[in-house]
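Would you be able to build a 3D model of this:
(one chain, ligands or ions: 1)
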Amino acid sequence: MKIIEKQSGVAFEISEGDFLKIIDISGQQVSDLVCFNATDTREKFSAGKTMDFEESILISTHNYLWSNRGNKMMKIIEDLNGRNDVLLAPCSQQTFEIMYNINKPHPSCYNNLAINLKEFNIEPDEIPTAFNAFMNVQFDTNGKLKVLPPQSQKSDFIILQAMMDLVIGMTACSAPDSNGGSFKEIGYEIIKKTPHETN
Ligand SMILES: [Zn+2]
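Next up is the predicted model:
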């Protein structure tokens with residue numbers, strides 16, 4: 001298992017058919033995931049298309065992550081916790097200034113994605129709203145949102161399968177409210193598709 005240190009991020013490539021396992025090592029830790037078509041990174045994860053085509057704002061087992069071009073990017077094969085978010089954008093410096101009244105530099109998912117995706121020539125402005133693994137956003141019938149501590153327990157994981165060759169950006173989120181008030185590591189594994197398996 002590879003480790004994303006607390007309040008940091010990574011970027012890497014995976015091939016079509018391969019599996020990505022995201023592990024909440026300690027419990028109650030969010031990981032933002034964004035993905036891009038490795039052969040043309042202008043094609044990227046679209047939370048809007050995903051909610052549209054999956055007909056839900058709650059995305060879990062058997063749902064697909066769709067692209068801005070309306071193509072399947074990843075399929076969620078297994079999700080032990082089951083509560084994830086696709087409504088809220090990655091936390092950024094402005095998140096801490098506007099919502100936490102912190103006026104000095106603070107680690108953020110947006111910055112950690114930007115730093116790591118640079119290697120793949122992906123500009124900060126290209127970063128979309130993420131698939132927020134383990135993030136517990138609740139809403140009432142008036143649309144009022146609340147960010148509550150994740151419901152994920154120690155060692156809960158999500159397995160996604162790549163539907164195309166992808167560049168992935170992932171973080172261990174830096175926003176206190178999203179993570180039950182403390183920052184933890186996130187684990188991940190890339191599991192290669194075995195030759196006899198089909199998509
Ligand atoms: Zn974050």
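
Which secondary structure state does the most centrally placed residue in the chain sit in?
For the chain, the residue lying nearest the average C-alpha position, counting by Cα atoms, centre = their mean, turns out to be residue 33 (2.2 Å). Per DSSP: H, G, I helix; E, B strand; the rest coil, the local secondary structure of residue 33 is strand.

ok, it to residue 190 distance?
Computed with Cβ to Cβ, to the nearest Å, the distance linking residue 33 and residue 190 is 13 Å. All C-beta atoms are positioned from the backbone trio N, CA, C, and that covers glycine.

and what of residue 9?
16 Å.

out of these two, which sits in the more crowded spot?
residue 9 (28 against 15; other Cβ atoms under 10 Å).

Test of understanding: give the bridge partners of the more buried one.
residue 171 (DSSP bridges).

Wait, it touches residue 110, no?
No: assessed by Cβ atoms under 8 Å, residue 9 is found out of contact with residue 110, at 9.5 Å.

sorry, back to before: give me every residue that touches the residue nearest to the centre of the chain.
22, 45, 130, 131, 132, 133, 168, 169, 170 (Cβ atoms under 8 Å, 6 or more residues apart in numbering).

what do you get if the cut-off is 10 Å, keeping everything else the same?
Contacts of residue 33 were listed using Cβ atoms under 10 Å, 6 or more residues apart in numbering, and they are 20, 22, 45, 65, 74, 84, 90, 109, 113, 130-133, 158, 160, 168-171, 186, 188.

anything in contact with each of residue 9 and residue 110?
Joint contacts of residue 9 and residue 110 (Cβ under 10 Å, 6+ apart) are 32, 90, 171, 174.

which one among the residues you listed gets closest to residue 4?
Nearest to residue 4 out of the shared contacts of residue 9 and residue 110 is residue 171 (Cβ to Cβ; 6.7 Å).

quick one: the closest one and residue 92 touch, right?
No: counting by Cβ atoms under 10 Å, residue 171 stays clear of residue 92, with 11.5 Å between them.

Looking only at neighbour counts, state which of those two leads.
residue 171 (30 against 20).

mind checking pLDDT for the more buried one?
Confidence at residue 171, expressed as pLDDT, is 98.

who's in contact with it?
Contacts of residue 171 by Cβ under 10 Å, 6+ apart are 4, 7-11, 30-34, 90-91, 107-113, 116, 130, 132-133, 186.

can you check residue 50 too?
Taking Cβ under 10 Å, 6+ apart as the test, what residue 50 contacts is 56-57, 59, 63-67, 72-74, 86, 129, 131.
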